[in-house]
Every structure is written in C-alpha cells, then in structure tokens.
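Asker: please work out how this folds:
(one chain, ligands or ions: 1)
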Amino acid sequence: MRLEFLAVSIQFQIEATNGPGRVGRLTTPHGEIETPVFMPVGTLASVKGVPQDVLEELGVQILLGNTYHLYLRPGVETVRRMGGLHGLMSWDRAILTDSGGFQVFSLNELRKVSEDGVTFRSHLDGSSHFFSPESAMAAQIGLGADIIMAFDECTEYPAERERVRASMEMTLRWAERSRKYFEGHRNEVPWGSSQLAAGSSQEMQIPRFARDDKAVEEGATQSLFGIVQGGMDRELRRESALRTVEMGFPGYAIGGLSVGEPRALTREIVESTLEYLPADKPRYLMGVGTPEEIAEYALLGVDMMDCVLPTRAARHGLLFTSQGKISIKQAQYAQDESPLDPNCGCRVCRRYSRAYLRHLYASNELLAQVLNTVHNLSYYLDTMRAVRHSIQLGERARFLAERSRPKP
Ligand SMILES: [Zn+2]
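Answerer: Predicted coordinates for the structure are as follows:
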C-alpha cells in the first residue's frame, strides 16, 4: 500500500557514457536538468547580485538554497506561505536545499551535538535553535525545494578514526530518521497538488506563481537524497555508502569533503566512494570546487555539484577565464580594451572591456559584483556544457589534454 508514492517526483535517465563519466537527464517537478550539472548557490533565495531572468538566460536549470540561512531569515513559515522558495523568488525551475547540517557545523563553534540533534546559536542574533533530523526535514518540506537532503553530521577534519566512525554511524541513524519523517510528511510540500486543490476550495492565498504552475505533475512532490559521510577513511566511506544505499534513496550525495583536506585526498575519496553508489541514481558531490575540479569530478561520474567559489570569487574580483584566472583589480587592466574572456559569449564579455570591469571594481561599484558574478557563473556553466559534450562525443582524452595545457 504505497499508492501515495506512485506519482513520479524525480526521474534519472543516462543518455551517454564514456568511461565512468555520464551524461543524463534528471526530471524534477520543476523541469529537466541536463547532467552533469553545476548548481549555483543562492544561499538566501538569491544568487547574490544576479536576477532570476539573467540566471535563466545563462541556462541555470537548478539552484541551491541553504536551509540554515532561510530558516533563520525570512523563516520557514514565511517561505511556505509564499508557495515555497519557487513562489517566493519567482523561479519555476528546479531547486535543491541542503539539510542545514553543514552550516550548523561550520558557522557554530558553540553547537551541542547529541543523538537527538544539534543545538546551535544563530549567527545573526545569538538566539538558540535546535535542528534534529525531523525538524530539518520539516524545514526543507516548508521551503519546498524539488530535491532535499537528509540531515547529517559533517565530520571535522582531521579527526581520529573512532570519532569518524561514531559520526558516520550517527549520520546513518539520522538518515533513517530523516527518511521516516519525510515519508510521513511528503504531501505537505507548499506547491503539491493537494495544496493547490486546498487553495482553490478555501480561497487560500496561494501566490500567482505557484497557482499557475502547470508543470507540476499531479501528486509529484519532493525527493529526499541520502548523504555519504565517513571522513577521509576509504573503508568508512565504503561502509557509509553501502549502508546508505541499502536504505534506498532516489539519489546520493557525497558530503564531508572540502573541509580543509588536500585536494588529492578529496579526489581519492570521491573516486573510491563513487564505486559504491548505484549507477542508475544521480550522484551529488557537495561543495566543490574550481572549474578544473568540477570537470574532473564530472568525468569520474559525478552528476551534480555546487560551490560558492564562482560567486564568492567574483565578488572579490577573481574571474575564471579560458586563459586562466584573472584578478581584475590589477593595474595592468586599467586601459585594457579587450573583453574579459575572448572565448566567452556571456553578456558581460560581449559588451564590456577589462578596463571597465577594473574601474568598476576599483570604485567599489555594485555593478562590479553583478557583472563579475554573471561571467563566472557563465564560465562554470560553459565548462559543464563542454564536459557533457565531450562525454557525448567520447572525447575524454582530448578534453583533459586541452584543459591541462599550461595557461599563457
Ligand atoms: Zn563572460
């Protein structure tokens, strides 16, 4: 008797493979995503400085929101009443929210972790809050992203093996609790068909956007992904992967990386963990990396990635280009009439000179942040397009050779 789960909330289809790399299509209630995909980070329901229509123009198919930040401000109930994040930010493409676990662990030195959950203080006003697997799920259901994440503990680095094991075991227990809560409440998503039906009969205030959303299939709802932990220990990663997969999620994430470990170790752990994740389910590597790294991970068989690097670096004037990294603040660009990246077709590179971008940055103009972010996102999305193309063409070797050529 699982009738209520018959509606398809997510579908993953692999269309081409080359070695471990694969090109696929992930269908969510809010549209299709070509994978491997880079997901820009919109921490507070905003990719800082970039309006939604520009994100659409760039070809962004899925955005990431941070549960921890949105829970604190504007608050889950406010978002839910606005039709979820889709309604609040007027974005009808897919959204993924993290569980809040990573921010609780990275932003809160005073957190208290117990089997129940985590007590933490708001970085905004110092007020005390509590996240459990159940309350983190309730928050993510209220936010209404298409893909939501199990509540996990991000193990610190470095850590003793026994500590890593204990943390991994707790993450597994939390995954089970997350799943149980989600199964019992998955019909409460703010854009679900039951919510829309309720809206029409009770004259509930449902935002225009959510009401008109015909793309949402009847009965479709969110999908909950499991997260593999296990620190930098290959054996524990294997065990975490196998036991998480046994629980049966529609997708799997590799968490707990990019926490200060050397890059070679990140790669080693990613590669060894991927072996134990089912080939027919999407695999999400959380919180990595440079354009070269995301290309490399995609070729290893990762389907989804997110990172604050392109947006954060842009706000500091660091720009990724086909000719290498550029620090636009440097005086050498003061009278440089050339586009930021002659090989980039983004609206910034088509129109403005390096001299103008340098001037905006040096003058602390808001537009500097906007234009720099648009270009960096465009570069990341183009990188993923190139990776997908190379997998489709079976040109892994050539792609890697071109990418690793020394920059001028
Ligand atoms: Zn550009």
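
Asker: interface residues of the stretch 251-400 of the chain facing the ion?
Answerer: Counting by CB under 5 Å from the ion, the residues of the stretch 251-400 of the chain lying close to the ion are 344, 346, 348-349, 375, 378. C-beta coordinates here come from the backbone N, C-alpha and C atoms, glycine included.

Asker: in the residues you listed, which residue is surrounded by the most others?
Answerer: Neighbour counts for these peak at H375, which has 28 neighbours (criterion: other CB atoms under 10 Å).

Asker: quick one: that residue from L381, how far?
Answerer: For H375, the distance to L381 equals 11 Å [CB to CB, to the nearest Å].

Asker: can you check S128 too?
Answerer: For S128, the distance to L381 - CB to CB - is 40 Å.

Asker: the two: which is more packed in?
Answerer: Ranked by neighbour count (other CB under 10 Å), S128 and L381 place L381 first, with 20 against 10.

Asker: list the contacts for the residue of the chain most remote from its centre?
Answerer: Within the chain, Q335 marks the point farthest from the mean C-alpha position, 37.5 Å out by CA atoms, centre = their mean. Applying CB atoms under 8 Å, 6 or more residues apart in numbering to Q335 gives the contacts A355.

Asker: got a list of what S240 touches?
Answerer: 168, 171-172, 228-230.

Asker: helix or strand: which one has it?
Answerer: Per DSSP states H and E, S240 falls inside helix 234-247.

Asker: ok, then the element right after that helix?
Answerer: strand 252-254.

Asker: which parts of the helix holding S240 are buried?
Answerer: Neighbour counts over helix 234-247 (16 or more other CB atoms under 10 Å) mark 236-241, 243-245 as buried.

Asker: what do you get for stretch 376-389?
Answerer: 376-384, 386-388.

Asker: format those as a markdown table; extra columns: secondary structure and pLDDT.
Answerer: As requested, the buried residues of stretch 376-389 are exported to a markdown table (DSSP: H, G, I helix; E, B strand; the rest coil; pLDDT from 0 to 100):
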| residue | secondary structure | pLDDT |
| --- | --- | --- |
| N376 | helix | 98 |
| L377 | helix | 98 |
| S378 | helix | 98 |
| Y379 | helix | 98 |
| Y380 | helix | 98 |
| L381 | helix | 98 |
| D382 | helix | 98 |
| T383 | helix | 97 |
| M384 | helix | 98 |
| A386 | helix | 96 |
| V387 | helix | 97 |
| R388 | helix | 97 |
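
Asker: contacting residues around F120?
Answerer: 104, 108, 110-112, 128-131.

Asker: again, only this time at 6 Å
Answerer: Each residue near F120 by CB atoms under 6 Å, 6 or more residues apart in numbering is listed here: 104, 108, 111, 129.

Asker: quick one, which of the residues you listed has the minimum pLDDT?
Answerer: Model confidence across the contacts of F120 bottoms out at N108, which has 75.

Asker: can you give me the neighbour number for that residue?
Answerer: So N108, with other CB under 10 Å, has 17 neighbours.

Asker: list the contacts for it?
Answerer: Contacts of N108 by CB under 6 Å, 6+ apart are F120.

Asker: again, 10 Å this time
Answerer: Neighbouring residues of N108 by CB atoms under 10 Å, 6 or more residues apart in numbering: 68, 118-123, 129.

Asker: what's the closest of these to L26?
Answerer: Y68 (24.6 Å; CB to CB).

Asker: distance from the helix or strand containing that closest one to the middle of the chain?
Answerer: Assigned by DSSP H and E, Y68 belongs to helix 67-72. With CA atoms, centre = their mean, to the nearest Å as the basis, helix 67-72 stands 15 Å off its chain's centre.

Asker: mind saving the C-alpha coords of that helix as PDB?
Answerer: C-alpha atoms of helix 67-72 as PDB (Å, rounded to 0.1, in the frame of the first residue of the first chain):
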ATOM      1  CA  THR A  67      18.200  25.700   4.800                       C
ATOM      2  CA  TYR A  68      20.100  27.000   7.800                       C
ATOM      3  CA  HIS A  69      20.100  30.600   6.400                       C
ATOM      4  CA  LEU A  70      16.500  30.500   5.200                       C
ATOM      5  CA  TYR A  71      15.300  29.000   8.400                       C
ATOM      6  CA  LEU A  72      16.800  32.000  10.300                       C
END
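
Asker: same question for it, mean pLDDT?
Answerer: Helix 67-72 comes out at a mean pLDDT of 97.
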